[in-house]
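Trainee: Generate a structure from the sequence data that follows.
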Amino acid sequence: MTDRVYPANKPKTTTTPLPTTTNTTTANRPFPTKSQLYRPAGYRPQTPRRSGRSRCCSCCLWTTLLIFLILLLAAISAAVIWVFYRPQRASFSVSSLQISQFNYTSNTLNTKFNLTIAANNPNKKLIFFYDPVTISLFDDGVSVGSGSLPGFQLGTKNTTVMTSVVTAIDESVDATSGGSLQSDLKNTKSGLNLMVELDTKISVKMGSVKTKKVKVRVRCNGIKAGLPTEKTVAVASPAPAPAAVAEVVQVVPASATLSGSKCKVDLRIKIWKWTF
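Mentor: This is a model prediction of the structure:
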């Protein structure tokens, strides 16, 4: 059996590499990506902008939060005022109403009313301050007189009684309103259906704090009144003239029926162009 002799080292084989040509201008350039391949020439990357819709949503959110905060503070203030002061509105009533004159001829109206108004303050810690009051008197929606009252202060747990003369002097009346007045004058049983309207401004004092003035309108409905009547009275002539008797015509005022009258107080708050 013969032994095989292997060479100690394998013969080295050398291969000569093929000459390669490299482009020096593109050797260091990276391979373009897909977005770069389809990007048009002259394209400039734009930074992302905030859309107008998101700005609008943000503005609406902050506005809602602000309104909610204002309402919350107003509710807290109202609760504190209610706990400490227990505020109540002042009440009004018509104490008396007499008709001294009511003449309607040739579309001209002449009237005279003696009106007494009572204002009551039921609060223990609130004082009301009223500006001069404008009085308007209506018969079924037709104006039959106007007057005024001076400004006054209504103290705590106090009632103030005021009198005024409401008149209409040679006031012209249109055909529609005149027809309504004539029907009321002919119907002696129903008489006049009157409404008293008071317009003024009011401010309230709570402790040392005094609020701003707010418009107030008071309406008193359900006032029934008859018409004044004429009465012939015999009057003796004064001395030293010879004794004689003269007849004088006197007007007897008519008093209104106030059992069904009710007065309603409304605040007239003006917001922009609307009054509530």
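Trainee: how close does S208 get to V166?
Mentor: 38 Å (CB to CB, to the nearest Å). Backbone N, C-alpha and C define where each C-beta goes, glycine included.
Trainee: The two: who's more crowded?
Mentor: Neighbours per residue, other CB atoms under 10 Å: of S208 and V166, the larger number sits with V166, 20 against 5.
Trainee: Pull the contacting residues for that one.
Mentor: Under the criterion of CB atoms under 8 Å, 6 or more residues apart in numbering, the neighbours of V166 are T111, K112, F113, L115, I135, L137, G145, S146, G147.
Trainee: Just give the number of residues close to the third one.
Mentor: Translated: F113. Other residues lying near F113 total 25 when counted by other CB under 10 Å.
Trainee: Doesn't it lie inside a helix?
Mentor: No: using DSSP: H, G, I helix; E, B strand; the rest coil, the assignment for F113 is strand, not a helix.
Trainee: tell me which element the residue nearest to it when sequence neighbours are not counted is part of?
Mentor: The shortest distance from F113 to any non-neighbouring residue, by CB to CB, 6 or more residues apart in numbering, is to V166 (4.2 Å). Secondary structure assignment for V166, by DSSP states H and E: strand 158-172.
Trainee: C56 now?
Mentor: helix 52-85.
Trainee: and if you look at M195?
Mentor: Assigned by DSSP H and E, M195 belongs to strand 192-206.
Trainee: my read: L194 touches I223, true?
Mentor: Yes: in this structure, L194 is within contact of I223 by CB atoms under 8 Å, at 4.2 Å.
Trainee: tell me, what's touching these two both at once?
Mentor: Common neighbours of L194 and I223 (CB under 8 Å, 6+ apart) are L97, A256.
Trainee: Okay, the residue lying closest to S177 once chain neighbours are set aside and N121: tell me how far apart.
Mentor: Nearest residue to S177, sequence neighbours excluded (CB to CB, 6+ apart): V142, at 4.3 Å. To N121, V142 is 33 Å away according to CB to CB.
Trainee: who has more neighbours, those two?
Mentor: The neighbour comparison of V142 against N121 (other CB under 10 Å) goes to N121, with 20 against 17.
Trainee: can you pull the contacts of that one?
Mentor: Each residue near N121 by CB under 8 Å, 6+ apart is listed here: A90, I127, F128, L154, G155, T156, K157, N158, T159.
Trainee: What does the pLDDT read for S51?
Mentor: Turning to S51, the model gives it a pLDDT of 57.
Trainee: hang on, I meant T111
Mentor: 93.
Trainee: got it, and C56?
Mentor: Note on C56: pLDDT of 78.
Trainee: any idea how far W62 is from it?
Mentor: Going from C56 to W62 by CB to CB gives 11 Å.
Trainee: From the contact counts, what lies against the strand holding M195?
Mentor: Secondary-structure packing of strand 192-206 (3 or more CB pairs under 8 Å, 6 or more residues apart in numbering; DSSP states H and E): strand 91-105, strand 108-121, strand 126-130, strand 133-139, strand 142-149, strand 214-225.
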